[in-house]
Each structure stands twice: as C-alpha cells, then as structure tokens.
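J.: Structure, please.
(one chain, ligands or ions: 1)
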Amino acid sequence: MPILFDSEKRIFKLDTSTSSYVIQIFEQEYLAHLYYGAKIPDTNLSAFIFRSPFASFSPNNINIDDWRFSPDVCPLEYQGEGCGDFRISAVAIKNADGNNVTDMRYKSHKIYSGKPSIQGMPSLYLEDDSEASTLEILTEDSVTGIQAVLYYTVFEKLGAMTRSTKIVNPTDKTVDIEKVYSCSVDFVTHDYDLLTLYGKWGKERNLERRALAHGRQGVSSKRGSSSHFQNPFAALVDSDTTEDFGNAYGFNLIYSSNFAVDVEVDGYGGTRLLMGINPETFGWKLESGCSFSAPEAVMVYSANGIGDMSRTFHKLYAKHLVRGKWKNIKRPLLINNWEATGMDFDGDTIVSFAAKAKELGIEMLVMDDGWFGYRNDDRSSLGDWQVNEEKLGGTLANLIERINALGLKFGIWYEPEMISRDSNLYRAHPDWCLHVPNREKSIGRHQYVLDYSRQDVRDYIFNEMYKVLSVNKVDYLKWDFNRNLTEVGSAILPADRQKEVFHRYVLGTYEVMDRLTKAFPDMLIENCSGGGGRFDPAMLYYSPQIWTSDNTDPIERLMIQFGTSMCYPASTMGAHVSACRRTGYETKGNVALWGTFGYELNPNKYTEEDAELVRAQVAEYHKYYDVIHFGELYRLISPFDNAYRAAWMFVAEDKSEALVTSVVMREPYDKAFCLKLKGLDPEKYYRDEETGEIYSGALLMNAGLCLTWTDEHDGKSFKKYFKAI
Ligand code: DGJ
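T.: Residues are numbered from 1 along each chain as shown. Okay, here's the model as predicted:
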C-alpha cells in the first residue's frame, strides 16, 4: 500500500515510486508536515517540527509543554488564520461571531484504494481503483465546528499526487469562506527557484525562472479564466536543477478561473507554497449542512530534473485527465478556414477549401466563426446560434453533405459563453450577461459575457446548441472564449453572494461542457480562448486538445510550445501550418508536427510545389503520429536559453524509434553544432533513416551527432528519424 499510517508515531507516509510525503499528527492534534521529496525508506523526521530555536515573537502554543514548538515555525500541513502562524494561511472562515480566526486540527482519517471525484468539477480519474490510493484526513475547528477534509491521492507508479480540500459545515449556523487553498506545502529550506509561465495574447506560456526571495511572491489570475497572462502551473526547483538533473516539484491546478500560486519564504528560511482559488476575488456563504469543494491540485516530484517532471505530467494527463473516444484514437487531420477568410466566406468557399484539402490528404474541414445569426464581423450575433442559411447558400445539413461527399469530416466553431451587444439574444435578455447595478459594462471585442452562474442561461445556450448539433453530422467542435470577465455580478444572486459569481460561473461552464460531452460522445472538442488563454488541465478534462495560440509563426511557436510542454503533452497542443510570413512550409510543418497538426490557410493558393510538400507532410503526420502522441518528449535545446537554435525529440516508450527536430531561429556564426540526444536505450542500435548510418543509443546520447555541416539558415529546420534495429 503506498499510504501507510504508523499508529504509534502517528505518522502518515505517502510513497510513489520516486517520492515520499510525510505528515505527523503532533501534540494537540496539529498536523505537521515533515517531508516531501525523493523517496526515503524511514520516517525519523520529527525533529523538523522544531526547526528553529529561539523563535521570539512566534507564539508557543497553549497546552503544548515543549517550548520549542511554535505554529509560526513548525512546517504545517494545512494551517488556518490568526492562531499563531503568521505565514500565508490556507483557510480562513468568518464565523457567526464575525471573526475569521480559523484553526483546523486532526480529527480522524481514512485510507482506501481508488480516488474520489469532485462533484461538478474536473479532476484526475482512474480506470481502475488499483491505480491510486487515497488518504482523507478530517480536520476540525473545535470552536466553530467547521471541518476541512484534506484529500491526498497517490499515483504510485507515476511519481505524482493530487490534493484537494472540502470545507464542511455540520453546524446550524451559516459561515463565510474567505479563502480555501487546494494545497499548501511547507519546505524547510528556501534554496529554490520558482518556475512559472507568463504571457499575453499571441505569446502564451513563456518560461520564467527566478530565485525565491524572502517574503511573498507568486502568480495569479483574476480574469475569470486561467488566462494568457499566467498559467496555473508553478515549479520549485533547486537552484542548480537543470533539464536533466536535480529536484523539481511541479504544481498544476485543475481550474479554469481565478487561481493563485502563493509562495512565502519566512524569516527562518522555510518556504510555503499554496495553490488554489484566488482569494482576492472569492467568497462563499456556506450554509448549515452544506459543503464546498476546492479544485484539485496536481503535484509531481522528480529527482531527475525539469524534463522528467514534464514527462510525468504528460503521462499522467494522457492517462488520467483526457477522456472520451479521442483519448487514444487517432484524431483527424484538419484544415480551418479562419486565418484564410476570417468571417468573409460562403458555403461555396468552404466546399472549395474542402475539395482542395481532400486532394492533399487532409481529413476534416472546420468552419470557424461567422456561420450563424447575421455575423459578418465581430460586432454581432454571439448568442444567436441559428444557422445563417443565406450566407451558407443552403442548410447546414446541405453543406455538411457536400463536404462529406468529398470524403471529409466536418467541424464547427462556437463561442457559447458570450453575447454580442448587437444580438437578438441581448435585445431579448439584457440581464443575461454578467453585470453589476448602476455601472457601465466594459466591452471586449464588442461582446459581453453571459452569466453562466444562472441555470436558465445555461439551459438556453445548451438547448440552442443541441438543436443544431443533434440534427447535423458534426464531428468536431471548437469552443472559443474571447474576452475576460469584468463587472462580475449576477442579477439573480443576493448581495451577500456576489463574491461567489466567479466560481459559480466556471462551475456553470463545466456543467455545459459536461452536458455536451455526454450528449455528443463521438464529437471531438477543441478548446480555445483567443488561442491559448484557457490552456489548463480543467479544459483538458472536457476537450482532449486546445488551440495553443493564435500566433502560428513557427519561430514564436517554439517558445510557446516549449513553455506549454512544461506540463501539457504534445497530444493536447493544437498546432497548425499557416500562411504566416516567416519561414517556409517545411519549418512550419516541422514545428506544427509537435502538436495535433493541421492547416489554417487557403489551400487553393498553394502552388503545385507547395502542394507536394503538404502531401509529404500529411504522410509524415501519419508516420510519426504514434511517436509524437504516445511517446516521450525530450527538450534538447530550449529557445529560452539559446538565441540561435531550438531542438527537441520524441522517443517511443519502448525506445524503438525517435524523431529529432531542430529549428534555426537565427543563423549562428559559429557553425560547430553537436547535438546530444536523450532518452534512447544505450544498449540498442539505431539507424538514421535518411543516411542509413547506424549508431548505438549510448553513442548518440554521450557523443551526440555532429551536425556542423547541416544547412543552417534563418528559419531552416531539419528532422531526423531513428529506428532501432
Ligand atoms: C479566436 C480564435 O483563437 C481563432 O482561432 C478564431 O477562432 C477566432 N477567435 C474567431 O473569432
């Protein structure tokens, strides 16, 4: 059993194949956090409870005789507010007396095989209970009677854990939850660097590394989405950790709304990392007999560097997060009309794209924004999900028939959470969007955000979608979301519940997505938010792929894809070849192959030479699909570290094949170029498919390939495919 309880020492030990996590129930039922890191066999760790002597100004606690103990200094598991721990608290609940002093202590626990799901929220799932074990610790505030249930699930084989928290109100009074983090982890040292993913529209998930400083630091969102600007991912790594060596602790929150990753280094040199709903924009009234569940946080530890941490996330998400028909089967290679036409198209244009695409070997045509209401630009019609038959030159069914007759599948675009100011829906229901009384509503892309905290609004939108999707053969749906939330209030909630709207909104979004996946289990859903503005694990629970960025420039994409790969697998990253300015089609294809692959251009504009290249790329897509989608990613040269080149490779899990790609961002003056490969079997021999040369895996990883004479110009790239012999 990966979770053990030593009842004499009152110690919990949670082991994966690579890590240990140790908790002790200390005197007065304090939950002390003793250790998280590389796997250890024993638990002689209690001395860490007293990690710093002479802690003046840190309270010694009532009824604990040992003067060395202070809740302000002891590494704790899930600490409350205002009771002697001055670090960032994990939970604060305002009780009926009007104060928010909160002090959760151990009450009882359960250990079992399997993993509970979280009502109404996405979380990792198991195919079989034997895949993970769970520890549930019930804690309680003895004064208010409010309880916090701490969930720890251990994925033994994958070196990963999840944590989440549920607040329960068994009392007869209503209380206000002011904050509830999903997890809090105390480390007794602070020699860490913090890795986070910052960005903006068109430039998402840039890797940023900074040394921790004393005091508070962290990243967050209050945009009503996980956002382009910060991703709900963070890692603590030793200051000397690299891609291949050293300790790396990765954290990722399964949540698509306002999150916070807060880190504090205290005066005694300890580090606390908390992850959860951003308390700045949150509040929840918890009535008698009710409970509130915080989202799930995923924790991955690796002793072998950042690359190994990423690969663990990738395996975990491919197996335990992504769901449905498209989880393991090959997804259709698509062409999308957006970059070529915008909203300026008709049915014949779409069919002409499909006809040419078919000739090139493309398998699905996606009709993007502009097919509904009277939408010909971004000023109108969101919410009016009726087919514009005049624009399409017939019914949607006719159009799909024409596309299917060419041998292509058909996909469609929706933006279900939005309402245009100029729409029939807005004229009929002006109170259906998020707003607060007496305040002008901020507009973004000429649209408002529907109040998805309301059941009537959600039902209406779902039913309108159902009317179209249930009578038409739609194989794929792109779910877009093109602005952030402002003036966040709901017309139907009372004043003292308005702070709940952000969270209720995202629960509403999850609900509609869940209904959609259940009503149309065969339909492939691709998530999108102006590119990758909601690239997070919660969205991956509903859609196995996400449009990574609206920026399809292959050089910019290198940064975006390297950053995204910190925790998200290649199979989830929407990546297309477009007609953008930089590099030729070969490099565009080599970069897009890293993700789900597809095209975003007018295929009728191809020259015969381009078309030949596309046919070759389509063949490569099929040839390399398994190694990219089911293999392991090794980042070889990061564009964040090197101004000239980027390189990466995928290796099949059984090490039988590998695909290496390198792109020149700027032609290096220094032509010497040796590339050491990674992840191969040192004992196996591999044939370079292009040259026929045979090398041992050991040679390729230790001496590397000498590529000095490769043709390297700005924007050039190459691939090398190795097959074990
Ligand atoms: C933003 C998306 O990222 C684009 O791909 C496209 O679907 C547009 N929205 C359509 O409005």
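J.: Excluding sequence neighbours, find me the nearest residue to the residue of the stretch 1-150 of the chain found nearest the ligand.
T.: The ligand sits closest to Pro122 of the stretch 1-150 of the chain, with a gap of 21.6 Å, by CB to the nearest ligand atom. Backbone N, C-alpha and C define where each C-beta goes, glycine included. Leaving aside its sequence neighbours, Pro122 sits nearest to Tyr541 (CB to CB, 6 or more residues apart in numbering; 3.4 Å).
J.: ok, the one you found - contacts?
T.: Taking CB atoms under 8 Å, 6 or more residues apart in numbering, we find Tyr541 in contact with Pro122, Ser123, Ile254, Leu321, Val322, Arg323.
J.: Can you give me the neighbour number for the fifth one?
T.: Same thing as Val322. 21 (other CB atoms under 10 Å).
J.: Quick check: it is in a strand.
T.: No - using DSSP: H, G, I helix; E, B strand; the rest coil, the assignment for Val322 is coil, not a strand.
J.: got the contact list for stretch 4-24?
T.: 2-3, 25-26, 31-40, 43, 45-46, 49, 77, 109, 111, 135, 137, 152, 154-161, 301-303.
J.: Just give the number of residues close to whatever residue of the stretch 201-350 of the chain ends up closest to the ligand.
T.: Per CB to the nearest ligand atom, Trp338 is where the stretch 201-350 of the chain lies closest to the ligand, at 4.5 Å. For Trp338, the neighbour count with other CB under 10 Å is 22.
J.: Is it correct that it is in contact with Leu365?
T.: No - using CB atoms under 8 Å, Trp338 makes no contact with Leu365, being 11.9 Å away.
J.: Select the longest helix from this structure.
T.: helix 608-630 (DSSP state H).
J.: pLDDT averaged over that one - what is it?
T.: Mean pLDDT, helix 608-630: 95.
J.: which secondary structure elements does that helix contact?
T.: Applying 3 or more CB pairs under 8 Å, 6 or more residues apart in numbering; DSSP states H and E, one finds that helix 608-630 contacts helix 347-360, helix 585-592, strand 645-651, strand 657-664.
J.: angle of the longest one against helix 608-630?
T.: To tie it back to what came earlier, the one meant is helix 347-360. 80 degrees (axes from the mean of the first three to the mean of the last three CA atoms, to 10 degrees).
J.: what helices or strands is helix 347-360 leaning on?
T.: On a contact count with 3+ CB pairs under 8 Å, 6+ apart, helix 347-360 meets strand 334-336, strand 364-367, helix 389-392, helix 396-405, helix 608-630.
J.: neighbouring contacts of it?
T.: Helix 347-360 is contacted by residues 335, 337, 340-341, 365, 367, 391-394, 398-399, 402-403, 406-408, 599, 602-604, 606, 611, 614-615, 618 when judged by CB under 8 Å, 6+ apart.
J.: Now restrict those residues to buried residues only.
T.: 335, 337, 340-341, 365, 367, 391-392, 399, 402-403, 408, 599, 602-603, 606, 614, 618 (16 or more other CB atoms under 10 Å).
J.: Between the helices and strands packed on helix 608-630, which one is closest to Asn328.
T.: strand 645-651 (16.8 Å; CB to CB).
J.: follow-up on the earlier one: for the residue of the stretch 201-350 of the chain closest to the ligand, list the residues it contacts.
T.: Counting by CB under 8 Å, 6+ apart, Trp338 has contacts Asp368, Asp369, Trp413, Glu600.
J.: Nice, that's everything, thank you.
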